[in-house]
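**Student:** Could you work out the structure for the sequence below:
(chains A and B)
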Number of protein chains: 2
Amino acid sequence: MATRSLERLIDQFNRLPGIGRKTAARLAFHVLDMGEDEVEDFIVALKDAKQVIKRCPKCGDFCENELCDICADLERDRHTICVVEDSRDIVSFEKMGKYRGLYHVLNGKIAPLNGITPDKLNIKSLLERVASDDIDEVILALNPDLEGETTALYINKLLKPFGIKITKIASGIPIGGNIEFADSATISKALDGRQEL
Amino acid sequence: MATRSLERLIDQFNRLPGIGRKTAARLAFHVLDMGEDEVEDFIVALKDAKQVIKRCPKCGDFCENELCDICADLERDRHTICVVEDSRDIVSFEKMGKYRGLYHVLNGKIAPLNGITPDKLNIKSLLERVASDDIDEVILALNPDLEGETTALYINKLLKPFGIKITKIASGIPIGGNIEFADSATISKALDGRQEL
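**Tutor:** All right, here's what the predicted structure looks like:
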């Protein structure tokens, strides 16, 4: 039978996205079967993730040092910025491996109905980067849905005065799909087919 | 991009049963979005589950006190023991609500090929309970598969000398199930277990 501590643990798992009551119970029972040090490792990983991981002041991606690994990497093409909605999208781009430029994480997309107005996004620092760093091209890699398109148009308007190349990845990504879960070949196609706005 | 701490957290989620790499990444990224105190609550729940939850010395179920809630409940029928493989099975029985007796958790079933011999199961304490407590009936509620049947036969042989009633829950077509789609083994069990109306 579920004791009170067990119920609390089930509740905690149940709060995670996509974890229903039954899965939560299965995970909680599994924790009881785990060794002391296994649970300890899990706890340390959770703690570290919250304490050590910060946002890179340059691109807004997760980082553990002063700058994220990509912004600090002098080997990368420092004249191109790829703008994404979410850190997860960078994981997919890096897995593809073909892109050698920098990134910029917006941390969402414009969605006024959900209260996400442009000022809630990491857009201001993008303008600062374009103004101060030697940027030739900004690639907009937003999810091809209504909010993504809106956000792309909005950023395009703000960047136009800088006179740099602004491109958008092609809709090789299926409409309604999600960059995070796209395979490398699809992302590669989308990158190749980028067109000037 | 995934930092090292983030990778470690993804690994930890990935180790949980039924959590693949992609789900693990989704959960880890969610943790980064959680508030400090939400993560703290999660950590406390994990810690408590390991530290506070013990096995009931009587029935082998999870408990937080000297005895589990059911063994400590004097209102229950203390002359009947229902033997189950796993604590999770008790949750299902209690949800049904009709059973008012006690339980005994074996913590598995005999499976020599997986190295689970009878001595690895919580069987000895069942014999002690039957010998010392005033038990009238032992109900065997093991899953109706090869190992479950083997375990039921084994326990039946050990309990026979005590001269008490030993029963096994019925196998058959599940309520709401469909004979058309039931497998032969299930139909055969249902036919064998037919009862006069």
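
**Student:** Quick check: the gap between A:Glu94 and chain B.
**Tutor:** 6 Å (C-beta to the nearest C-beta, to the nearest Å). Heads up, the C-betas are built off the backbone N, CA and C, glycines and all.

**Student:** Likewise for A:Asp41?
**Tutor:** From A:Asp41 to chain B the distance is 7 Å (C-beta to the nearest C-beta).

**Student:** And for A:Leu32?
**Tutor:** Computed as C-beta to the nearest C-beta, the A:Leu32 to chain B distance reads 6 Å.

**Student:** So what's the residue count around that residue?
**Tutor:** 18 (other C-beta atoms under 10 Å in any protein chain shown).

**Student:** buried set for the helix or strand hosting A:Ile10?
**Tutor:** If you go by DSSP states H and E, A:Ile10 is part of helix A:4-14. The neighbour-count check on helix A:4-14 (16 or more other C-beta atoms under 10 Å in any protein chain shown) flags A:Ser5, A:Leu6, A:Arg8, A:Leu9, A:Ile10, A:Gln12, A:Phe13, A:Asn14 as buried.

**Student:** now do stretch A:123-133
**Tutor:** Neighbour count says stretch A:123-133 has A:Ile123, A:Ser125, A:Leu126, A:Arg129, A:Val130 buried, by 16+ other C-beta under 10 Å.

**Student:** and if you look at stretch A:139-147?
**Tutor:** Neighbour-count burial for stretch A:139-147, counted by 16+ other C-beta under 10 Å, picks out A:Ile139, A:Leu140, A:Ala141, A:Leu142, A:Asn143, A:Pro144, A:Asp145, A:Glu147.

**Student:** do the same with stretch A:11-28
**Tutor:** Of all the residues in stretch A:11-28, those buried under the rule 16+ other C-beta under 10 Å are A:Gln12, A:Phe13, A:Asn14, A:Leu16, A:Ile19, A:Thr23, A:Ala24, A:Ala25, A:Arg26, A:Leu27, A:Ala28.

**Student:** Which residues does it contact?
**Tutor:** Applying C-beta atoms under 8 Å, 6 or more residues apart in numbering or on different chains, the contact partners of stretch A:11-28 are A:2, A:6, A:9-10, B:16-19, B:23, B:26-27, B:30, B:38, B:41-42, B:45-46, B:49, B:88, B:91.

**Student:** So which of the buried residues of stretch A:123-133 sit within helices?
**Tutor:** A:Ser125, A:Leu126, A:Arg129, A:Val130 (DSSP state H).

**Student:** Pick out the most distant pair among those residues.
**Tutor:** Taking every pair in these and measuring C-beta to C-beta, the maximum separation is 9.8 Å, between A:Ser125 and A:Val130.

**Student:** The closest residue to A:Ala131 other than its chain neighbours and chain B: what is the separation?
**Tutor:** Spatial nearest neighbour of A:Ala131, excluding adjacent residues (C-beta to C-beta, 6 or more residues apart in numbering or on different chains): A:Phe162 at 7.1 Å. As judged by C-beta to the nearest C-beta, A:Phe162 and chain B stand 26 Å apart.

**Student:** Contact partners for A:Phe162?
**Tutor:** A:Val130, A:Ala131, A:Ile135.

**Student:** Against B:Glu40, how distant is it?
**Tutor:** Separation of A:Phe162 from B:Glu40 (C-beta to C-beta, to the nearest Å): 44 Å.

**Student:** what about the residue nearest to A:Asp133 when sequence neighbours are not counted, how many neighbours?
**Tutor:** Nearest non-adjacent residue to A:Asp133, counting by C-beta to C-beta, 6+ apart: A:Arg78, 7.2 Å away. By the criterion of other C-beta under 10 Å, A:Arg78 has 16 neighbours.

**Student:** what residues are up against A:Arg78?
**Tutor:** Residues near A:Arg78 by C-beta under 8 Å, 6+ apart: A:Gly101, A:Leu102, A:Asp133, A:Asp134.

**Student:** Most neighbours among the residues you listed, which one?
**Tutor:** Counting neighbours by other C-beta under 10 Å, A:Leu102 comes out on top of the contacts of A:Arg78 with 22 neighbours.

**Student:** So it sits against A:Arg76, correct?
**Tutor:** Yes - counting by C-beta atoms under 8 Å, A:Leu102 does reach A:Arg76; the two are 6.3 Å apart.

**Student:** intersection of neighbour lists for those two?
**Tutor:** By C-beta under 8 Å, 6+ apart, A:Leu102 and A:Arg76 have these common neighbours: A:Ile70.

**Student:** For the longest helix seen in chain A, buried residues please.
**Tutor:** Longest helix in chain A, counting residues (DSSP H): helix A:36-52. Neighbour-count burial for helix A:36-52, counted by 16+ other C-beta under 10 Å, picks out A:Val39, A:Asp41, A:Phe42, A:Ile43, A:Val44, A:Ala45, A:Leu46, A:Asp48, A:Ala49, A:Lys50, A:Val52.

**Student:** quick one, what contacts the last one?
**Tutor:** Listed by C-beta under 8 Å, 6+ apart, the contact partners of A:Val52 are A:Glu64, B:Thr3, B:Ser5.

**Student:** quick one: it and B:Arg15, what's the gap?
**Tutor:** A:Val52 is 20 Å from B:Arg15, by C-beta to C-beta.

**Student:** same thing with the fifth one?
**Tutor:** A:Val44 sits 14 Å away from B:Arg15, going by C-beta to C-beta.

**Student:** before we move on, back to that, tell me which of the buried residues of stretch A:139-147 is nearest to A:Asp192?
**Tutor:** Using C-beta to C-beta, A:Ile139 is the member of these that lies nearest A:Asp192, at 11.5 Å.

**Student:** now the closest one: how far from A:Cys63?
**Tutor:** Taken as C-beta to C-beta, the span from A:Ile139 to A:Cys63 is 21 Å.

**Student:** same thing with A:Asp41?
**Tutor:** Going from A:Asp41 to A:Cys63 by C-beta to C-beta gives 23 Å.

**Student:** how does chain A divide up, domain by domain?
**Tutor:** Here the domain parsing of chain A from automatic domain parsing is A:4-52, A:62-196.

**Student:** that older thread, now the contacts of A:Val52 in a markdown table, with distance to B:Ile116?
**Tutor:** Output for the contacts of A:Val52, formatted as a markdown table (distance: C-beta to C-beta, whole Å):
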| residue | distance to B:Ile116 |
| --- | --- |
| A:Glu64 | 43 |
| B:Thr3 | 41 |
| B:Ser5 | 38 |
